[in-house]
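In: Need coordinates for the below:
(chains A and B)
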2 protein chains.
Amino acid sequence: MAGDEETPPLLILHHLPNFNLSIFPLLRSKYTVLDPLDDPPHPSFQVLSKAARLMLCTGPTPVTAAVLDTYPSLQCVVGSSAGVNHFDLAACRRRRLRITCAGDSFSDDVADYAVGLAIDVLRRVSAADRFVRAGSWPVTKEYGLASKVSGKRVGIVGLGSIGSRVAKRFESFGCTIAYTSTKKKPNSPYTFHANAAVLASNADILVVCCALTDETRHLINTEVMAALGKSGIIVNVGRGALVDEKALVEMVVKGEIGGAGLDVFEREPHVPRELFALDNVVLSPHHAVLTPESLGAIEDLLLANIEAFFSNQPLRAEVQLQSDS
Amino acid sequence: MAGDEETPPLLILHHLPNFNLSIFPLLRSKYTVLDPLDDPPHPSFQVLSKAARLMLCTGPTPVTAAVLDTYPSLQCVVGSSAGVNHFDLAACRRRRLRITCAGDSFSDDVADYAVGLAIDVLRRVSAADRFVRAGSWPVTKEYGLASKVSGKRVGIVGLGSIGSRVAKRFESFGCTIAYTSTKKKPNSPYTFHANAAVLASNADILVVCCALTDETRHLINTEVMAALGKSGIIVNVGRGALVDEKALVEMVVKGEIGGAGLDVFEREPHVPRELFALDNVVLSPHHAVLTPESLGAIEDLLLANIEAFFSNQPLRAEVQLQSDS
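Out: Just a heads-up that it's a prediction; the model follows:
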């Protein structure tokens, strides 16, 4: 039935209750949308869901093996997220599913935000704003000095679509750039270091923007942070679990690292309260990707990929599952 | 007596009570320092001050005609500030004084800070930090979207030492750059607009970083802000009086401009309280220039200029008083 010329193709919407996209109404007009959260449910959900070939997965909604088992005809999952760590990739591989992601739709925004967090932590912009709004300026003329940004050594963990944009931006500040990655990029002008600890010992600003995998979980651990040292700062715009958060909190509280700009956390929306009292950290609710412009771009990409799938055209931003393993 | 080989040369320290530099002890060891704030005063202050040829003026300490009249032998004022609007320039010109300023010692820091304020306002970094610290994230998962930085149109008011550095940084974000200035810069690659209103009507981010003079006071007025419009933001890292602050407050409160990042204000340390409730403004206590690194650079420059003056060597960062008029 799916792909039939006369009835609309079947599309499974896989999303969290609070994660809707403005293209949902358009999708419902073009496709037979099967949304397990619909109340009342689609009258033929049980039958149609067995025949559906395509799923649209919004945001970080987990796609587990159990979810996949619900849809035995599934061939493709169109994802809206930059990362794919919410997918059970082994299960997707076994099912030979095709998967697409956000590609570089969000990369500029995340890179912009990473630079903003770094300037904010080093120059204490948010702390200054707090100082002024508290009415402290007329009372205490002395405001603590911050650190210079220009000329600092930036270490990038993961020189992909986001990391290379972070590098380009910091170069314009007269910063030197080094990186670590699964392997050396042959065409990169930047200094490669074999691991995060060596990178950190040669960096003032450590920007974490690699994918979260079993190998990269807690990549930024006590050893890496000790190598970064008292005047170094961490900026995390990747995933919370890339950093050992407990160790980070302890080290920033004790002054063993210089500060942190964190858009992501291990147990979102939970943020360790010990950080709330510190002026050398900047905390943000996982919104480095969120601008109206990038949401528009990703919605265009999702629509294009859904149409491409049903008309047997090439997909954009397809994840290479085989080379990932 | 000053310049004599055997007695230390005379040096007048002109500073506010709370504005000291770490080089003061070194200066007192090398020169006969005359500080009108000394208590007890130098025993020969009245006599020696008439003979002193050099003044070190720290920060924005006003150098009025009355101050200059106190020192009839004065030939040179070594200043530590990037701007010279705290000098009575007409009086300096009449006295044929030589004046030095901070030159570009602070330019990188101010440019860094301008970019940081722009990202902060557009992407709402400080507002996000406030949101997280207030414990709102677990309660209200929806956090308002901000605006993209990459690709925006940046309008720079004053393409000098700071403005050109701001331009270079924003170019790396894929932004387009235009500027206004007293005249078109023949070697600049950026689009010139004849005045601030035309620039503003072609800009999303208006960065104010020109010198404050009689001509530039309230240069950013209601007309310019109306041209900038509802989605445009103002970043002021120049001087507070470059912007009509009353008009700015009214327009940002009414949503007639999109936001503002302000490091400087008309009546510092007074900041209009109407701004304290807004998430689309970032407020900071005139500290765009303050990093330990730039303070070190400026102290080196001050020492070098004082030594150069007494040994008849060329001064660095000398202000051209004639061409300023």
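In: Quick one: mean pLDDT for stretch A:283-294?
Out: Mean pLDDT, taken over the full extent of stretch A:283-294, equals 90.
In: ditto for stretch A:109-124
Out: Stretch A:109-124 shows an average pLDDT of 98 in the prediction.
In: Could I get the CA-only coordinates of it as PDB?
Out: Presented in PDB, the C-alpha positions along stretch A:109-124 are these (Å, rounded to 0.1, in the frame of the first residue of the first chain):
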ATOM      1  CA  ASP A 109      24.500  27.600  15.200                       C
ATOM      2  CA  VAL A 110      26.400  25.200  17.500                       C
ATOM      3  CA  ALA A 111      29.800  26.600  16.500                       C
ATOM      4  CA  ASP A 112      28.500  30.200  17.100                       C
ATOM      5  CA  TYR A 113      27.200  29.100  20.500                       C
ATOM      6  CA  ALA A 114      30.500  27.400  21.400                       C
ATOM      7  CA  VAL A 115      32.400  30.600  20.700                       C
ATOM      8  CA  GLY A 116      29.800  32.600  22.600                       C
ATOM      9  CA  LEU A 117      30.200  30.300  25.600                       C
ATOM     10  CA  ALA A 118      34.000  30.600  25.500                       C
ATOM     11  CA  ILE A 119      34.000  34.400  25.400                       C
ATOM     12  CA  ASP A 120      31.300  34.400  28.100                       C
ATOM     13  CA  VAL A 121      33.300  32.200  30.500                       C
ATOM     14  CA  LEU A 122      36.700  33.900  29.900                       C
ATOM     15  CA  ARG A 123      35.400  37.500  29.900                       C
ATOM     16  CA  ARG A 124      32.700  36.700  32.400                       C
END
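In: Who are the contact partners of the residue most central in space within chain A?
Out: In chain A, the C-alpha closest to the average C-alpha coordinate belongs to residue A:238, at a distance of 4.7 Å (Cα atoms, centre = their mean). Counting by Cβ atoms under 8 Å, 6 or more residues apart in numbering or on different chains, residue A:238 makes contact with A:83, A:157, A:158, A:208, A:209, A:210, A:211, A:212, A:264. No exception for glycine: its C-beta is placed from N, CA and C like everyone else's.
In: Same list, those, but as CSV with neighbour count and pLDDT please.
Out: As requested, those are exported to CSV (neighbours: other Cβ atoms under 10 Å in any protein chain shown; pLDDT from 0 to 100):
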residue, neighbour count, pLDDT
A:83, 17, 83
A:157, 29, 98
A:158, 23, 97
A:208, 26, 98
A:209, 28, 97
A:210, 26, 96
A:211, 18, 92
A:212, 18, 93
A:264, 21, 97
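In: Relative to residue B:270, how far out is the residue of chain A positioned farthest from its centre?
Out: Of all residues in chain A, the one whose C-alpha sits farthest from the chain's mean C-alpha position, using Cα atoms, centre = their mean, is residue A:139 at 41.1 Å. From residue A:139 over to residue B:270 the distance is 12 Å, taken as Cβ to Cβ, to the nearest Å.
In: same question, residue A:104
Out: The gap separating residue A:104 from residue B:270 is 45 Å, by Cβ to Cβ.
In: Settle it for me: which of these two has more neighbours?
Out: Higher neighbour count among residue A:104 and residue B:270: residue A:104, with 18 against 12, using other Cβ atoms under 10 Å in any protein chain shown.
In: ok, the more buried one touching residue A:161?
Out: Yes - counting by Cβ atoms under 8 Å, residue A:161 is a contact partner of residue A:104 at 4.3 Å.
In: for chain A, which helix is longest?
Out: In terms of residue count, the longest helix belonging to chain A (DSSP state H) is helix A:292-310.
In: any residue of that one up close to chain B?
Out: Yes - under the criterion of Cβ under 8 Å from any Cβ of the partner chain, chain B is reached by helix A:292-310 at A:292, A:293, A:294, A:295.
In: Not counting that helix itself, show me its contacts.
Out: Residues outside helix A:292-310 that contact it (Cβ under 8 Å, 6+ apart): A:2-3, A:9, A:11, A:21-23, A:26-27, A:31, A:53-54, A:56, A:75-76, A:78, A:80, A:100, A:102-103, A:105-106, A:108-109, A:313-317, B:145, B:147-148, B:151.
In: Flag every residue of the stretch 101-250 of chain A that's near chain B.
Out: A:108-109, A:111-113, A:115-117, A:119-120, A:123, A:125-126, A:128-133, A:137-138, A:141-143, A:145-151, A:168-169, A:171-174.
In: Of those, grab the buried ones for PyMOL.
Out: Selecting the buried subset of those in PyMOL, with 16 or more other Cβ atoms under 10 Å in any protein chain shown as the burial test, is done by:
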select buried, chain A and resi 108+109+111+112+113+115+116+117+119+120+123+125+126+128+129+130+131+132+133+137+143+146+147+148+149+150+168+169+171+172+173+174
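In: which residues of the stretch 1-150 of chain A fall in helices?
Out: Listed in chain order, the helices of the stretch 1-150 of chain A (DSSP state H, counting those that start in this stretch) span A:24-30, A:45-51, A:65-70, A:89-94, A:107-123, A:125-133.
In: Quick check: which of these is nearest to residue B:229?
Out: With respect to residue B:229, and counting by Cβ to Cβ, the nearest of the helices of the stretch 1-150 of chain A is helix A:107-123 at 21.5 Å.
In: And that closest one, what does it pack against?
Out: helix A:161-171, strand A:205-208, strand A:233-236, strand A:259-262, strand A:281-283, helix A:292-310, helix B:107-123, helix B:125-133 (3 or more Cβ pairs under 8 Å, 6 or more residues apart in numbering or on different chains; DSSP states H and E).
In: one step back: for the residue nearest to the centre of chain A, pull up the helix or strand it's in.
Out: Counting by DSSP states H and E, there is no helix or strand that carries residue A:238.
In: From residue B:28, how far out is it?
Out: To residue B:28, residue A:238 is 52 Å away according to Cβ to Cβ.
In: Same check on residue A:30?
Out: Residue A:30 is 80 Å from residue B:28, where distance means Cβ to Cβ.
In: circling back to that earlier point, separation between the residue farthest from the centre of chain A and residue A:146?
Out: According to Cβ to Cβ, residue A:139 and residue A:146 sit 20 Å apart.
In: which residues of the stretch 101-250 of chain A score low on pLDDT?
Out: Counting by pLDDT under 70, the stretch 101-250 of chain A contains low-confidence residues at A:141-143.
In: possible to save the helices of the stretch 1-150 of chain A as TSV with distance to residue B:48?
Out: Formatted as TSV, the helices of the stretch 1-150 of chain A follow (distance: least, Cβ to Cβ, whole Å):
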stretch	distance to residue B:48
helix A:24-30	81
helix A:45-51	94
helix A:65-70	86
helix A:89-94	80
helix A:107-123	42
helix A:125-133	41
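In: List the contacts of residue A:259.
Out: Shown in contact with residue A:259 (Cβ under 8 Å, 6+ apart): A:121, A:122, A:233, A:234, A:252, A:278, A:280, A:281.
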